[in-house]
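Student: Below are the sequence and a predicted model; questions follow.
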Amino acid sequence: MSGLRAGVIGVFLPFAFAASAQSTAPLSVIDWLDKPAPLGQLPRAPAPRASKPAAKPVDEPAVTNNGSAPHIITRSLDAGAPANVGLVPPAVTGMKPDLWVGSDVADLARRLNKLPDLELPASNALLFTLLLTEASAPNGTASAQNALTLARAEKLMALGAVDPALALLEQAGASTSRSLFDLWAQLGLLVGTEDTACGALSRARYLTNDAGLQIFCAARGGDWDTAALTFGSAKALSLLPRETLDVLDRFLNPDVFEDAAPLKSPRKVDPLTFRLFETIGEPLPTGPLPRAYAVADLRDIAGWKSQLEAAERLTRAGALPDNRLLGLYTNRQPAASGGIWDRVRAVQRFDTALNTNSVEAVSKTLPAAWHHMREAELEVSFATAFYDRITEIELTGKAARIKARMGLLSPAYEMVAVALGDEIKLGPEMALIRAVAQGEAVAKAPSDALPRAINDAFSTPAPRQEWIEMAKTQRLGEALLATLDSLRDGARGDSRALRESLGTLRALGLEDTARRAALQILLLERSP
């Protein structure tokens with residue numbers, strides 16, 4: 001799973017970038033160290049030069065006038081400004097590194113923790129941009145940077161973006177930081193890279209006070225005596241919940257419980273408990289668990305159905321690339337029917353029709369595929385993955401309307417709106433849809449509340465001044481978090497919140513996000 005980290009990150013943001021590096025030979029003041037010796041032969045040190053007569057002593061003043069200790073100036077390591085932390089450079093995201101500088105770290109952590117699921121793909125894309133862009137921390141201190149990194153990684157974990165969260169923590173030095181280590185280890189347990197965290201813990205025992213993790217890592221490292229001793233202490237002192245102690249006991253003593261009945265599912269699951277149940281051969285289903293646990297089902301050891309369900313769940317949150325989901329859909333032939341299998345079969349038939357470039361085949365298979373993807377609320381992912389391939393195919397009737405809807409939900413929405421013929425009817429707000437895609441408004445305001453609020457945001461924008469002032473005082477990140485929270489309320493029916501949030505996005509230069517969010521509200525059928 002760790003090998004997918006670089007690939008997963010790319011989908012969260014609507015951009016791509018490339019980096020190049022050029023290696024140069026290291027410079028050294030000892031020439032002979034740069035020259036490798038033949039196999040089995042040590043390099044020779046240079047021959048000593050002939051000694052010269054000792055030079056006459058130089059008449060210099062004394063180094064010090066007394067024997068007292070010199071005055072030493074000290075400065076806390078925390079006083080230096082740490083490097084920016086993030087996975088994507090500001091030049092790519094368009095965000096300045098100071099977007100968090102004017103905010104209070106505790107307020108940011110609370111705001112990120114309370115931010116609900118945003119539901120709109122455009123909102124999720126902007127949120128990932130904020131979480132992943134390289135940025136400085138308030139106060140410019142290492143402790144503030146760690147606190148901000150922890151809050152960002154926790155939100156990424158809640159969204160199911162486990163690999164980016166791992167990378168963010170690693171960049172911030174989680175392997176040597178007490179404040180970041182526990183979350184780093186938990187994420188590693190979910191994706192199967194726990195040995196890295198356990199290795200760091202074996203070198204620095206002070207990194208965590210989690211007795212369960214200490215026991216697990218000691219056993220993973222082959223130190224069974226330490227694991228048994230720590231387990232006995234944890235049991236005697238009640239340092240761990242009874243459910244965790246029970247599964248740890250079976251992990252440490254598998255022979256004793258060989259014929260025992262399976263354990264009951266724990267009432268509260270954490271990554272360590274989840275991993276332990278898997279290790280003893282009693283894996284827990286990820287469906288009822290928080291979204292981050294679905295990542296475990298993307299591994300090859302999981303069944304295809306589990307992989308598909310996990311991928312759909314993560315894609316809805318924007319935590320998985322659209323092409324990864326498509327790859328799973330077309331991985332093999334479904335052996336059953338109903339539910340997710342009908343969706344897989346419909347997408348496969350549509351994919352095959354596209355490969356034939358047959359207008360008739362595409363016209364027959366597109367409606368069914370679109371219907372099933374709408375049921376799964378994956379229309380935007382479907383449009384992003386397939387619209388480029390369907391662009392040149394001339395369709396009519398229902399298939400043409402679906403194609404137009406796909407185009408308006410894809411990154412090519414503006415060009416689609418410009419070229420859209422009058423014969424395509426996507427509902428009563430067709431004129432507004434076409435106008436919004438081009439950043440404009442219609443002359444006659446719609447009668448319904450939400451379309452009217454969207455039209456107002458593009459005709460006479462009224463951004464919320466409180467958020468604009470935040471942005472002016474190096475609190476852009478905080479302002480955008482508040483805007484995204486309000487946009488969610490707007491999409492659910494609050495017309496004032498919708499007008500203010502769209503207007504704020506446009507005032508802050510996020511025109512693409514504002515347009516795509518408005519189009520998704522108008523085109524997607526979502527019930528609050």
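Tutor: Noted; the coordinates are in hand. Residues are numbered from 1 along each chain as shown.

Student: only C-alpha atoms for contact and neighbour calcs from this point on.
Tutor: Fine.

Student: mind showing which ranges of the chain have poor pLDDT?
Tutor: Counting by pLDDT under 70, the chain contains low-confidence residues at 1-82, 526-528.

Student: 80 instead, please
Tutor: Counting by pLDDT under 80, the low-confidence segments of the chain come to 1-83, 422-423, 525-528.

Student: and the most centrally placed residue in it, what does it touch?
Tutor: To find the centre residue of the chain, average its C-alpha atoms and take the closest one (C-alpha atoms, centre = their mean): that gives residue 161, at 3.5 Å. With contact taken as C-alpha atoms under 8 Å, 6 or more residues apart in numbering, residue 161 is in contact with 292, 319-320.

Student: Report the buried members of these.
Tutor: 292, 319-320 (16 or more other C-alpha atoms under 10 Å).

Student: ok so, going back, export the contacts of residue 161 as JSON lines, with columns for distance to residue 105.
Tutor: Output for those, formatted as JSON lines (distance: C-alpha to C-alpha, whole Å):
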{"residue": "292", "distance to residue 105": "24"}
{"residue": "319", "distance to residue 105": "25"}
{"residue": "320", "distance to residue 105": "28"}
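
Student: Looking at the buried ones among the contacts of residue 161, which is nearest residue 258?
Tutor: Residue 258 lies nearest to residue 292 out of the buried ones among the contacts of residue 161, by C-alpha to C-alpha, at 30.7 Å.

Student: now that closest one, nearest residue through space, not along the chain?
Tutor: Using C-alpha to C-alpha, 6 or more residues apart in numbering and skipping the chain neighbours, the partner closest in space to residue 292 is residue 160 (4.1 Å).

Student: just residue 311 next, same as before
Tutor: Spatial nearest neighbour of residue 311, chain neighbours left out: residue 325 (5.9 Å); criterion: C-alpha to C-alpha, 6+ apart.

Student: ok, back up a step: okay, now the residue nearest to residue 292: neighbour count?
Tutor: By the measure other C-alpha atoms under 10 Å, the count of residues near residue 160 is 25.

Student: give the contact list for it.
Tutor: With contact set as C-alpha under 8 Å, 6+ apart, residue 160 has these partners: 291-295, 314, 317, 319.

Student: rerun that using 10 Å as the cut-off
Tutor: By C-alpha atoms under 10 Å, 6 or more residues apart in numbering, residue 160 lies in contact with 154, 290-295, 310, 313-315, 317-320.

Student: among those, which ones are buried?
Tutor: The buried subset of the contacts of residue 160 (16+ other C-alpha under 10 Å) comprises 154, 291-295, 310, 313-315, 317-320.

Student: Now flag whichever of these is closest to residue 303.
Tutor: Residue 303 lies nearest to residue 310 out of the buried ones among the contacts of residue 160, by C-alpha to C-alpha, at 10.7 Å.

Student: any idea how far that closest one is from residue 441?
Tutor: Distance of residue 310 to residue 441, computed by C-alpha to C-alpha, to the nearest Å: 39 Å.

Student: could you dump stretch 387-394 to PDB, C-alpha only?
Tutor: In PDB, the C-alpha atoms belonging to stretch 387-394 read as follows (Å, rounded to 0.1, in the frame of the first residue of the first chain):
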ATOM      1  CA  TYR A 387     -15.600  12.500 -20.700                       C
ATOM      2  CA  ASP A 388     -12.400  12.900 -22.700                       C
ATOM      3  CA  ARG A 389     -13.000   9.600 -24.300                       C
ATOM      4  CA  ILE A 390     -16.600  10.400 -25.300                       C
ATOM      5  CA  THR A 391     -16.000  13.900 -26.500                       C
ATOM      6  CA  GLU A 392     -15.700  13.100 -30.200                       C
ATOM      7  CA  ILE A 393     -18.600  10.600 -30.300                       C
ATOM      8  CA  GLU A 394     -21.800  12.300 -31.700                       C
END
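
Student: Buried residues, it. List them.
Tutor: 387, 390.

Student: Which residues outside it are in contact with it?
Tutor: When contacts are defined by C-alpha under 10 Å, 6+ apart, stretch 387-394 is touched by residues 351, 354-355, 357-359, 362-363, 383, 400, 403-412, 416.

Student: what sits against the closest residue to residue 335 other than its chain neighbours?
Tutor: Taking C-alpha to C-alpha, 6+ apart as the measure, residue 335 lies nearest to residue 341, with 8.0 Å between them; neighbours along the chain are not counted. Contact analysis of residue 341 by C-alpha under 10 Å, 6+ apart lists 305, 308, 329, 333-335, 347.

Student: What of residue 288?
Tutor: Applying C-alpha under 10 Å, 6+ apart as the definition, the contact partners of residue 288 turn out to be residue 294.

Student: likewise residue 149?
Tutor: Taking C-alpha under 10 Å, 6+ apart as the criterion, residue 149 is in contact with 85-86, 105, 109, 131-132, 135-137, 143, 155, 165, 168-169, 171-172, 174, 180.

Student: Kindly confirm my reading that it is in a strand.
Tutor: No - the assignment for residue 149 (DSSP: H, G, I helix; E, B strand; the rest coil) gives helix, which keeps it out of a strand.

Student: any idea how far it is from residue 161?
Tutor: For residue 149 relative to residue 161 (C-alpha to C-alpha), the value is 14 Å.

Student: same check, this time on residue 524
Tutor: Taking C-alpha to C-alpha as the criterion, residue 524 is separated from residue 161 by 24 Å.

Student: Can you list phi and psi of the nearest residue to residue 121 once chain neighbours are set aside for me?
Tutor: Using C-alpha to C-alpha, 6+ apart and skipping the chain neighbours, the partner closest in space to residue 121 is residue 318 (6.7 Å). Note on residue 318: its backbone torsions stand at phi 80, psi 10 [degrees, to the nearest 10].

Student: cool, and residue 88?
Tutor: The phi and psi torsions at residue 88 (degrees, to the nearest 10) take the values phi -130, psi 130.

Student: Please name the bridge partners of it.
Tutor: Beta bridges link residue 88 to residue 133, judged by DSSP bridges.

Student: you'd agree it is up against residue 167?
Tutor: No - between residue 88 and residue 167 there is no contact under C-alpha atoms under 10 Å: 11.3 Å.

Student: Pretty sure residue 484 sits against residue 130.
Tutor: No - here residue 484 lies out of contact with residue 130, judged by C-alpha under 10 Å, at a distance of 11.2 Å.
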